[in-house]
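Enquirer: got a sequence here, can you build the structure:
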Amino acid sequence: MSRVGKHEVILPAGVAMSQAGNVVTLTGKTGIKNYEVPDCINFEKTEKGFLITPKETTQRGRSLWGTTQRNLSNIVKGLDKGFTLNITLVGVGYRAAVAGTKLTLQLGYSHDIVYDIPKGIEIKCEKPTAIAITGFDKQLVGSVGAQLREYRKPEPYKGKGVLRETEFIIRKEGKKK
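Expert: Modelled structure (predicted):
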């Protein structure tokens, strides 16, 4: 039995749900998101929210049970409160600035990197070395953070690069004389 899947997903006051066949549409104050429930999963509406159970006890049904529950609970949480990923720039001369729908990064290259901010994502730069990525889709927020990190991955000798706030870089010792 799935430890994650057996829990009921509770809908907060600001989130509405509608179902048409296997497609569940969730609407909140931050946006609208559709999710297609797999065929091997039952979707039952309850008083507080909805409950997910497997139709069949096959390996596929049991594995998708918890995944579907977690995906739907993340969608509900994102539509209610949203997700935020904080990124810091570590390095001399590394800075970021937002202008309209473009994020400009200076990461030690001979040119500035201009990143187009996708729809559904809001990026703020409180300080020149701090970036806050906010959105209602957890997957999109994470992928934008990963794309920004690809421009200058953290290196273990000086610790410079684009780091997530909770990330810790294990430092290596340099050359010995």
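
Enquirer: following the strand or helix carrying Glu150, which helix or strand comes up?
Expert: If you go by DSSP states H and E, Glu150 is part of helix 138-151. Counting by DSSP H and E, the next helix or strand C-terminal to helix 138-151 is strand 161-164.

Enquirer: each with direction, which strands does that following strand pair with?
Expert: Neighbouring strands of strand 161-164 in its sheet, by DSSP bridges, are strand 83-90 (antiparallel).

Enquirer: how about the partner strand as CSV, C-alpha atoms only?
Expert: Provided in CSV are the C-alpha atoms of strand 83-90 (Å, rounded to 0.1, in the frame of the first residue of the first chain):
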residue,chain,number,x,y,z
PHE,A,83,6.5,28.0,-5.2
THR,A,84,9.7,30.1,-4.7
LEU,A,85,13.3,29.1,-5.5
ASN,A,86,16.1,31.3,-4.3
ILE,A,87,19.3,31.5,-6.2
THR,A,88,22.5,33.2,-5.2
LEU,A,89,25.4,34.3,-7.4
VAL,A,90,28.8,33.8,-5.9
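
Enquirer: buried residues of it, list them for me.
Expert: Neighbour counts over strand 83-90 (16 or more other Cβ atoms under 10 Å) mark 83, 85, 87-90 as buried. (Each C-beta comes from the backbone N, C-alpha and C, glycine too.)

Enquirer: which residues does that strand contact?
Expert: Residues outside strand 83-90 that contact it (Cβ atoms under 8 Å, 6 or more residues apart in numbering) are 77, 95-96, 105, 107, 128-138, 141-142, 144-145, 148-149, 154, 159-165.

Enquirer: hmm, back to that, let me know the closest of the buried residues of strand 83-90 to Arg70.
Expert: Phe83 (13.9 Å; Cβ to Cβ).

Enquirer: quick revisit: need the buried residues of strand 83-90 in JSON lines (columns: pLDDT and distance to Leu26).
Expert: Putting the buried residues of strand 83-90 into JSON lines (pLDDT from 0 to 100; distance: Cβ to Cβ, whole Å) gives the following:
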{"residue": "Phe83", "pLDDT": "94", "distance to Leu26": "15"}
{"residue": "Leu85", "pLDDT": "95", "distance to Leu26": "21"}
{"residue": "Ile87", "pLDDT": "96", "distance to Leu26": "27"}
{"residue": "Thr88", "pLDDT": "95", "distance to Leu26": "32"}
{"residue": "Leu89", "pLDDT": "94", "distance to Leu26": "34"}
{"residue": "Val90", "pLDDT": "93", "distance to Leu26": "37"}
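
Enquirer: alright, calling it a day.
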